[in-house]
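Undergrad: Just need the structure, nothing else, for what follows:
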Amino acid sequence: MNSIVSPFVADVMLWLMYATLALAIGVTLLSVARRLSLRTKDDEIINGVPQKRVARTVAVAFAACLAVTFALGSTDAVITNGQPFTDTFWLRVTDMFIYTTIILVIGCFAGVVVSRFRS
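TA: Numbering: from 1, shown residues only. Below is the predicted model:
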C-alpha cells in the first residue's frame, strides 16, 4: 500500500491557489493598464531623472533576467515523495524563480551599499 496519502482537501486547496493566482495576475494587469492610462507628460522627468526611460529599462532588464535564468535552469530529475519528477518545463521554471530571486536580492543589497557610500 502507498504510504503517501493525499489530504482530504487537497483538491480544494489547489483550486483556491489557482483562483488566487488568477486574481493576482488580473489585478496586476489592471493596475499596470490604469497607471499607463493616467500617465501625463509631466511624469516623464522627475527631479532631473527620466522616469519613463528608467521604468522601461527596469522592465526590460527584469524580463531579460527571467529569460536568461529560465534558459540556464537545470532539467535534471528531482525525487519528490519517492517519485522522480522529470517535467523539464517546470524544473526550469522553478530554477528561474530561485535564480531570479537571488539576483534581485543581491541587486538590492548592492543598491543599498552604493547609495550608502554615495551620500
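Undergrad: Okay, buried residues for stretch 76-87 please.
TA: For stretch 76-87, a neighbour-count test (16 or more other Cβ atoms under 10 Å) marks nothing as buried. Where C-beta positions appear, they are placed from N, C-alpha and C, glycine not excepted.
Undergrad: For that stretch, what is the distance to the chain centroid?
TA: Relative to its chain's centre, stretch 76-87 lies at 23 Å (Cα atoms, centre = their mean, to the nearest Å).
Undergrad: any idea how far residue 49 is from the residue positioned nearest the centre of the chain?
TA: The centroid of the chain falls nearest to residue 97 when counting by Cα atoms, centre = their mean (6.1 Å). To residue 49, residue 97 is 30 Å away according to Cβ to Cβ, to the nearest Å.
Undergrad: about what we covered before: secondary structure element for the residue nearest to the centre of the chain?
TA: Using DSSP states H and E, residue 97 sits within helix 88-118.
Undergrad: and that helix, average pLDDT?
TA: Mean per-residue pLDDT for helix 88-118: 94.
Undergrad: avg pLDDT for stretch 63-76?
TA: Mean pLDDT, computed over stretch 63-76, is 95.
Undergrad: what comes up buried for it?
TA: For stretch 63-76, a neighbour-count test (16+ other Cβ under 10 Å) marks 65-66, 69-70, 73 as buried.
Undergrad: Contacts made by it with the rest, please.
TA: The contact list for stretch 63-76 (Cβ atoms under 8 Å, 6 or more residues apart in numbering) reads 88, 91-96, 99-100, 103-104.
Undergrad: if you set the cut-off to 6 Å instead, what comes out?
TA: Contacts with stretch 63-76, where a contact means Cβ atoms under 6 Å, 6 or more residues apart in numbering, come from 88, 91-92, 95-96, 99-100, 103.
Undergrad: Selecting buried members of the residues you listed in ChimeraX, what would you type?
TA: To isolate the buried members of the contacts of stretch 63-76 in ChimeraX, using 16+ other Cβ under 10 Å:
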select :91,92,95,96,99,100
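Undergrad: Throw the contacts of stretch 63-76 into TSV and include distance to residue 33, thanks.
TA: Conversion of those to TSV gives the following (distance: Cβ to Cβ, whole Å):
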residue	distance to residue 33
88	33
91	33
92	29
95	31
96	25
99	29
100	24
103	27
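Undergrad: Lovely, talk soon.
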